[in-house]
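Asks: coords below, sequence missing:
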Ligand code: HEM
């Protein structure tokens, strides 16, 4: 029963994390392409998306740690799994950094730094692919 519960929340959090990357990335790229900075309302949306992404990653870590321990008795599962959690760890750190940066810039009434946001979105996309491939190979 607890396994079903943990798996369900692991998958639900994947949907949210992916949605944030796709939705937030799309909004940002549209604004960048038209050489505009998001206005206050869109900025608010991006800020909430950032929090949602971070919350989903934290849920992925909590449920992931519990699943690893319950099913496999620890983290020594296989190489693909190790790559998956390294990717997930970098994603978590990246999400923390971006959220702190966006929080600080909105406090100072400035738009977030374009290069930081672009780098974070691009690496976020790459990392989620690494993590998903890692999961597919690890548990095949
Ligand atoms: C961005 C973060 C993450 C993503 C996108 C992700 C994705 C996935 C996916 C797609 C599966 C399903 C694989 C399958 O059942 O065939 C899965 C399962 C699993 N994940 Fe994650 N995961 C993430 C983070 C983590 C973390 C941080 C851990 C552990 C510390 C973890 C541990 C596990 C375990 C143990 C399973 C297998 C459960 C089983 O055998 O049914 N995951 N994950």
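Replies: All right, it came through fine. What you see is a predicted model; the values in this text were computed from it and never measured. Numbering: from 1, shown residues only.

Asks: what's the average pLDDT for the longest helix along the chain?
Replies: Looking across the chain with DSSP state H, the single longest helix is helix 2-33. The average pLDDT within helix 2-33 is 94.

Asks: can you tell if it touches the ligand?
Replies: Yes - Helix 2-33 reaches the ligand (CB under 6 Å from any ligand atom) through 7, 10, 14, 17. To be clear about C-beta, it is placed using only N, CA and C from the backbone, and glycine gets the same treatment.

Asks: Now do the contacts for the second one.
Replies: What that stands for is residue 10. Residues in contact with residue 10, defined by CB atoms under 8 Å, 6 or more residues apart in numbering, are 59, 60, 63, 64, 67.

Asks: just the last one next, same as before
Replies: The neighbours of residue 17, taking CB under 8 Å, 6+ apart as the test, are 53, 56, 57, 60, 91, 128.

Asks: And the first one, by the same measure?
Replies: The neighbours of residue 7, taking CB under 8 Å, 6+ apart as the test, are 63, 67.

Asks: just use 37 as the starting number from now, easier for me
Replies: Yes, from this point I'll number from 37; that puts the last item at residue 43.

Asks: For the residue lying closest to residue 132 once chain neighbours are set aside, what is the enclosing helix or strand?
Replies: Among residues not flanking residue 132 along the chain, residue 90 sits closest, at 6.7 Å (CB to CB, 6 or more residues apart in numbering). Taking DSSP states H and E as the criterion, residue 90 maps to helix 76-103.

Asks: same deal with residue 167?
Replies: helix 150-174.

Asks: now check that helix, is it near the ligand?
Replies: Yes - residues of helix 150-174 contacting the ligand under CB under 6 Å from any ligand atom: 167, 168, 171.

Asks: how close does residue 57 get to residue 153?
Replies: Separation of residue 57 from residue 153 (CB to CB, to the nearest Å): 13 Å.

Asks: Report the closest residue of the protein relative to the ligand.
Replies: Nearest to the ligand in the chain, going by CB to the nearest ligand atom, is residue 100, at a distance of 2.2 Å.
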